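K.L.:
Whatever this is, show me its structure:
(one chain, ligands or ions: 1)
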Amino acid sequence: MLTKKVEEALVSQIMKEGYSSNLYLAMASWTESEGLEGISKWLYIQADEERLHMLKIVHYVNERGGKAVIPAFEKPPIEFSGVKPMFDKVLAHEEFISTSINDIVAVCEAEKDFTTQNWIQWFVNEQIQEEKSSRAILDKLKILGEGNLYLFDRDILSLRKAEAGAES
Ligand code: FEO
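P.N.:
Now for the predicted structure:
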């Protein structure tokens, strides 16, 4: 059974993960409309992953006797001022999510809910990877320069494959 505070923290995270999914979906749609096929594919995959994060929490809350409320989501931006500022936003957002996950760990600790504290470790590790991959993309953009979006767009998916290979 979840305590009220742990349940509230998890329900609030459902909203944040769902918003992350919609934010990346909005970015995917924008880049697709700009003809940046590789970047948009990367973002569509990312949006799907965030939806799975949201679902993971929904199932956990319900399985532990809580009520996983599905909230209304804030509308994400429609336009972005460029690929680099967009990925700056991705990194800042992931850092925000990491802080939020760490806050849940702290709530679990205070509430002595060691089961949830143990379960949430998956998200702690996931955030390390997500921040790392956002930084790798920004580094690559810096090397190539924004004037070379063609190469960046072509290579971004191989970056994801390289990460998956390194993790397995
Ligand atoms: Fe599920 Fe990228 O936070």
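
K.L.:
Tell me where the model's unsure across the chain.
P.N.:
Filtered on pLDDT under 70, the chain yields the residue ranges 161, 164, 166-168.

K.L.:
burial count for whatever residue of it ends up closest to the ligand?
P.N.:
Closest contact between the chain and the ligand, by Cβ to the nearest ligand atom, is at H53 (3.7 Å). (C-beta placed from N, C-alpha, C; glycine too.) Residues within reach of H53, counting by other Cβ atoms under 10 Å, total 23.

K.L.:
Use 10 as the first number from now on
P.N.:
Yes, from this point I'll number from 10; that puts the last item at H62.

K.L.:
does it sit in a helix, a strand or a coil?
P.N.:
helix (DSSP: H, G, I helix; E, B strand; the rest coil).

K.L.:
That one is in contact with M24, isn't it?
P.N.:
No. Applying Cβ atoms under 8 Å, one finds H62 not in contact with M24, separated by 11.8 Å.

K.L.:
rewinding a little: what distance do you get for the closest residue to the residue of the chain closest to the ligand other than its chain neighbours to V67?
P.N.:
Nearest residue to H62, sequence neighbours excluded (Cβ to Cβ, 6 or more residues apart in numbering): E26, at 4.3 Å. When distance is defined by Cβ to Cβ, to the nearest Å, E26 is 9 Å away from V67.

K.L.:
The two: which is more packed in?
P.N.:
Per other Cβ under 10 Å, whichever of E26 and V67 has more neighbours is E26, with 22 against 19.

K.L.:
Spit out the contact partners of that one.
P.N.:
E59, R60, H62, M63, I66, I106 (Cβ atoms under 8 Å, 6 or more residues apart in numbering).

K.L.:
Phi, psi for T12 please.
P.N.:
phi -80, psi 160 (degrees, to the nearest 10).

K.L.:
Is it correct that it is in contact with E120?
P.N.:
Yes. Between T12 and E120 there is a contact at 4.6 Å, judged by Cβ under 8 Å.

K.L.:
Ends of stretch 31-51, what's the gap?
P.N.:
Chord length of stretch 31-51, first to last residue, is 14 Å (Cα to Cα, to the nearest Å).
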